[in-house]
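**Student:** Quick check, what structure comes out for this input:
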Amino acid sequence: MHSVLAGHGLVKKYGSTTALAGVDVEVRERDSLAIMGPSGSGKSTLLHTLAGIVRPDGGQVLLRGERIDNLGENKLSALRRKRFGFVFQSGQLLPELPAEENVALPLMLEGTPRRQAVKRARRWFAPLGLDGLEGRRPGQLSGGQAQRVAIARALAVEPDVVFADEPTGALDQATSTEVIRLLTSVTREQGAALVMVTHDADVAAHCDHILHVRDGLISNYSQYTVA
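**Tutor:** All right, here's what the predicted structure looks like:
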């Protein structure tokens, strides 16, 4: 499989604090990577740097072999909209929109007409167990349902990479297991790579690889064969 996303020698400092101290990481097609570490270890900074949200002070970020960390803000913003998908702990769905329009939103922001965008969005509802919930607003959904809508929204643009920041942090254990199984399987089926920050070892174990960060450096790297 080919490399989709790579970071080489990533350095990031906040004043006198070094969040990343020369980190190398690579994610391949259909791979899932869990980033773990104690609070302040640099794991969230690493995810945000790979996602083009934070610019590194040193090193490079490559998407399919092309450097992206040196792009201008407009190009970087467009890249995040078109080629990356994002799933956050709280879902961050718009409360005034029904589920199908929340999923369609990234497509509409790129200029796809509403009717066409919603039609494309609806195809994600059955695979994620959301049939019949297209018209419900976030306040009418359970936590697990809302997070599955967030996953559908992340996949709607058919991204190269899905970034997930503590995607199960607000869920109970049973719902967390259900959501992480869906997230890893659906991204793999769609050919996208998954990069996820989590504090939960059980959640991380569903990924192909686990990377442990401590004091801005990789302290351990594990690889699993996931069915």
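
**Student:** Nearest to the middle of this structure, which residue? Look it up for me.
**Tutor:** In the chain, the residue lying closest to the centroid (CA atoms, centre = their mean) is residue 163, at 1.4 Å.

**Student:** can you tell me how far it sits from residue 52?
**Tutor:** 10 Å (CB to CB, to the nearest Å). Every residue, glycine included, has its C-beta placed from N, CA and C.

**Student:** Ok, residue 205 next?
**Tutor:** 28 Å.

**Student:** higher neighbour count, those two?
**Tutor:** Higher neighbour count among residue 205 and residue 52: residue 52, with 21 against 14, using other CB atoms under 10 Å.

**Student:** And the residue nearest to the more buried one when sequence neighbours are not counted, how far from residue 47?
**Tutor:** The shortest distance from residue 52 to any non-neighbouring residue, by CB to CB, 6 or more residues apart in numbering, is to residue 76 (5.0 Å). With distances taken as CB to CB, residue 76 is found 16 Å from residue 47.

**Student:** More neighbours: which of the two?
**Tutor:** Shown here are residue 76 and residue 47; by other CB under 10 Å, residue 47 has more neighbours (20 against 17).

**Student:** how far away is that one from residue 58?
**Tutor:** Residue 47 is 18 Å from residue 58, by CB to CB.

**Student:** what is residue 217 paired to in the beta sheet?
**Tutor:** With DSSP bridges as the criterion, residue 217 is bridged to residue 214.

**Student:** Distance of it relative to residue 24?
**Tutor:** To residue 24, residue 217 is 10 Å away according to CB to CB.

**Student:** Of those two, which one has the most company?
**Tutor:** Neighbours per residue, other CB under 10 Å: of residue 217 and residue 24, the larger number sits with residue 217, 15 against 11.

**Student:** For that one, list the residues it contacts.
**Tutor:** 21-23, 42 (CB atoms under 8 Å, 6 or more residues apart in numbering).

**Student:** related to what we said a few turns ago, so what's in contact with residue 163 and residue 52 at the same time?
**Tutor:** Residues touching both residue 163 and residue 52 (CB under 8 Å, 6+ apart) are residue 84.

**Student:** can you tell me how far the spatially closest residue to residue 107 that is not a sequence neighbour sits from residue 204?
**Tutor:** Excluding its sequence neighbours, the residue lying closest to residue 107 (CB to CB, 6+ apart) is residue 117, at 3.9 Å. Residue 117 sits 33 Å away from residue 204, taking CB to CB as the criterion.

**Student:** Kindly report the same for residue 58.
**Tutor:** From residue 58 across to residue 204, the span is 27 Å (CB to CB).

**Student:** Name the residue in the two with the higher neighbour count.
**Tutor:** Neighbour tally, residue 58 and residue 204, criterion other CB under 10 Å: the higher count belongs to residue 204, 23 against 14.

**Student:** Isn't the more buried one up against residue 198?
**Tutor:** Yes - using CB atoms under 8 Å, residue 204 is in contact with residue 198, at 5.3 Å.

**Student:** any shared contact partners between those two?
**Tutor:** 34, 36.

**Student:** Just want the phi and psi numbers for residue 80.
**Tutor:** Here is the backbone geometry of residue 80 (degrees, to the nearest 10): phi -60, psi -40.

**Student:** For my notes, confirm residue 11 occurs in a strand.
**Tutor:** Yes - assessed with DSSP: H, G, I helix; E, B strand; the rest coil, residue 11 lies in a strand.
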